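Participant: How does the following fold in three dimensions:
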Amino acid sequence: MTSENGEAPERDLPGRPLVATESRDGYAILTLDDPAHRNALSLELSNALAAAVEAALADGARAIVLTACPPVFSSGGNLDDLITPKAPLREVYAGMLAVAGAPVPTIAAVDGPAIGAGVNLPLACDVVLASPRAAFDPRFLDVGIHPGGGHLWRLAHRVGPQGAAALVLCGDRLTGAEAVATGLAWRCVPSDELLTRACALAARAAGRPADLVTRTKETLRASLAVTSAQDAVALELEAQEWSVGRPGFADHVRALRDQLRAAREARASRG
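Facilitator: Now for the predicted structure:
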């Protein structure tokens, strides 16, 4: 097998983890690490991703960056597994569902093609950063299989029903820049800056109060089902009242106030 750039992929290494984990200060980087199979979502890789998410959260990660060994972010479902299933289809989505269900902010750094079910992985993340080398190509129907894992719902929430129809029904695909223009991704940045930018977002999220970040993410998710401004106000009011009642809230605001006041006074004395 050769990669898309015509080069032979790295050989399989016995005992090598399919998902590499790196712990940083407050967050974790999870890297799909099966380039020999174009990071295909085999049952084994999916289970490894689910286990990596669980381990990162248990280790105290307050944000997660999801990336992949190049040149392909993920080529989607393993074709051999589709011909001879090793497990029910739902189990194949264990890794993606673990990412989607993570209570902490998740950031995808996509530096290559995401194909078929591989598109589900960035869709499962809260924020997607893409490079110019990224591509988003659902391609489910070309394989003769209906989209799964909540793909249509997640995709339509990002790009709208028309965009989902163009991508899934009509076989269109998006580049990294086009993904940003349609709302599938947040920013398109050069490949050599991609992981750094993703880690900067993760570090900023991890540096904020963990309980407040988690509660805000929960409210954000719940707000997607709200159909009126009145219900949105009620939903956020409950969470906001909880936030101002947290221990140390007044001290935190007082310190911020004093810091801003000191900064204003310093500027006034200079000017």
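
Participant: got the residue ranges for the strands in this structure?
Facilitator: With strands called from DSSP state E, the chain shows them at 19-23, 28-32, 64-68, 106-110, 113-115, 127-130, 135-137, 174-175, 187-188.

Participant: Let me know which of those strands is the nearest to Gly95.
Facilitator: Of all these, it is strand 19-23 that lies closest to Gly95, at 7.9 Å by CB to CB. Bear in mind the C-beta positions are built from the backbone N, C-alpha and C, glycine included.

Participant: And that closest one, what's buried?
Facilitator: Burial within strand 19-23, assessed by neighbour count using 16 or more other CB atoms under 10 Å, is assigned to Val19, Ala20, Thr21.

Participant: and it, what other elements does it pack with?
Facilitator: strand 28-32, helix 43-58 (3 or more CB pairs under 8 Å, 6 or more residues apart in numbering; DSSP states H and E).

Participant: any idea which of those is most buried?
Facilitator: strand 28-32 (a mean of 23; mean count of other CB atoms under 10 Å).

Participant: List the contacts of that strand.
Facilitator: The contact list for strand 28-32, computed with CB atoms under 8 Å, 6 or more residues apart in numbering, reads 18-22, 39, 45, 49, 52-53, 56, 59, 61, 63-69, 73-74, 121, 195, 199, 202.

Participant: any idea of the angle it forms with helix 43-58?
Facilitator: 180 degrees (axes from the mean of the first three to the mean of the last three CA atoms, to 10 degrees).

Participant: re earlier: would you turn the helices and strands packed on strand 19-23 into JSON lines with distance to Pro88 and mean pLDDT?
Facilitator: Below are those laid out as JSON lines (distance: least, CB to CB, whole Å; pLDDT from 0 to 100):
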{"stretch": "strand 28-32", "distance to Pro88": "22", "mean pLDDT": "98"}
{"stretch": "helix 43-58", "distance to Pro88": "10", "mean pLDDT": "97"}
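
Participant: need those in JSON lines with distance to Gln230, can you?
Facilitator: Formatted as JSON lines, the helices and strands packed on strand 19-23 follow (distance: least, CB to CB, whole Å):
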{"stretch": "strand 28-32", "distance to Gln230": "39"}
{"stretch": "helix 43-58", "distance to Gln230": "35"}
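
Participant: Minimum distance to Ser131: which of those has it?
Facilitator: Nearest of those to Ser131, taken as CB to CB: strand 28-32 at 15.1 Å.

Participant: residues in contact with Pro190?
Facilitator: Ser131, Pro132.

Participant: And for Ala87?
Facilitator: Ala87 neighbours (CB under 8 Å, 6+ apart): Leu43.

Participant: One more: the one 3 residues further on?
Facilitator: Taking CB under 8 Å, 6+ apart as the criterion, Arg90 is in contact with no other residue.

Participant: One more: Thr175?
Facilitator: Pro132, Ala134, Ala135.

Participant: same question, Ser223
Facilitator: Ser223 neighbours (CB under 8 Å, 6+ apart): Ala232, Leu235, Glu236.

Participant: now do 6 Å
Facilitator: By CB atoms under 6 Å, 6 or more residues apart in numbering, Ser223 lies in contact with Ala232.

Participant: Please report how far it lies from Thr216.
Facilitator: Separation of Ser223 from Thr216 (CB to CB, to the nearest Å) stands at 10 Å.

Participant: before we move on, could you check phi and psi at Pro105?
Facilitator: Torsion angles at Pro105 (phi, psi; degrees, to the nearest 10) stand at phi -60, psi 140.

Participant: That one reaches Cys125, doesn't it?
Facilitator: No. In this structure, Pro105 is not within contact of Cys125 by CB atoms under 6 Å, at 8.7 Å.

Participant: Out of the helices and strands packed on strand 19-23, which is closest to Glu265?
Facilitator: strand 28-32 (40.8 Å).

Participant: Report the distance from that closest one to the chain centre.
Facilitator: Averaging C-alpha positions (CA atoms, centre = their mean, to the nearest Å) puts strand 28-32 11 Å from its chain's average.
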